[in-house]
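Chemist: predicted model follows, preceded by the sequence.
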Amino acid sequence: MEKYTLKIKKINNKAIIPNYAHEGDAGLDLYSVDEIKLSPGERALIHTGIQIELPKDTEAQIRPRSGLALKNGITTLNSPGTIDEGYRGEIGVILINHSNEVFKVEQGMKIAQMVIKPVFKVNVIESNELSTTERSENGFGSSGIR
């Protein structure tokens with residue numbers, strides 16, 4: 001499989017360059033430059049101190065870390081968050097505390113993962129007819145529940 005280049009610019013001296021924790025991982029770990037306490041039910045934008053330049057025809061998806069979700073009830077809102085190819089601002093992660101306890105986000109903590117995915121461009125046309133399928137308009141989701 002071809003490797004692509006992801007350019008990273010540190011804009012905060014506390015920033016940690018995203019990295020793959022293990023061979024074969026899909027997501028690059030993202031790290032906080034902030035120190036903040038999240039009360040139960042509270043959400044906040046956590047800064048990473050980095051900007052990125054994505055390869056052509058890709059997006060970055062920001063996803064939760066399963067360990068934070070399971071152990072602490074911390075997850076990302078707007079998940080997966082999409083970073084468009086042309087965006088050059090700081091990468092931020094919206095975290096929410098779904099637990100009943102205050103959670104402290106610390107500088108250098110792994111807060112999310114970033115997966116780089118291809119984006120397929122489509123031609124959008126208005127049509128009066130669509131093809132038929134076996135499923136057709138039956139049900140919401142794969143279970144067929146309406």
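Modeler: Arrived safely. Numbers count the residues shown, from 1 in each chain.

Chemist: can you pull out the low-pLDDT segments for this structure?
Modeler: Per-residue confidence for the chain (pLDDT under 70) gives these ranges: 1, 138-146.

Chemist: let me see the ranges of the strands in the chain.
Modeler: Assigned strands in the chain, in chain order: 7-10, 28-31, 36-38, 43-53, 58-63, 74-76, 81-83, 90-97, 103-105, 110-118 (criterion: DSSP state E).

Chemist: will you turn the ones you listed into TSV that also has distance to Ser136?
Modeler: C-betas here are computed from N, CA, C, even on glycine. Output for the strands of the chain, formatted as TSV (distance: least, C-beta to C-beta, whole Å):
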stretch	distance to Ser136
strand 7-10	45
strand 28-31	40
strand 36-38	45
strand 43-53	39
strand 58-63	30
strand 74-76	35
strand 81-83	30
strand 90-97	37
strand 103-105	45
strand 110-118	29
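
Chemist: need the residue closest to the centroid of the protein.
Modeler: The chain has Ile62 as the residue nearest its centroid, 0.7 Å off, counting by C-alpha atoms, centre = their mean.

Chemist: surely that one touches Thr75?
Modeler: No - with contact defined as C-beta atoms under 8 Å, Ile62 does not reach Thr75; the gap is 11.2 Å.
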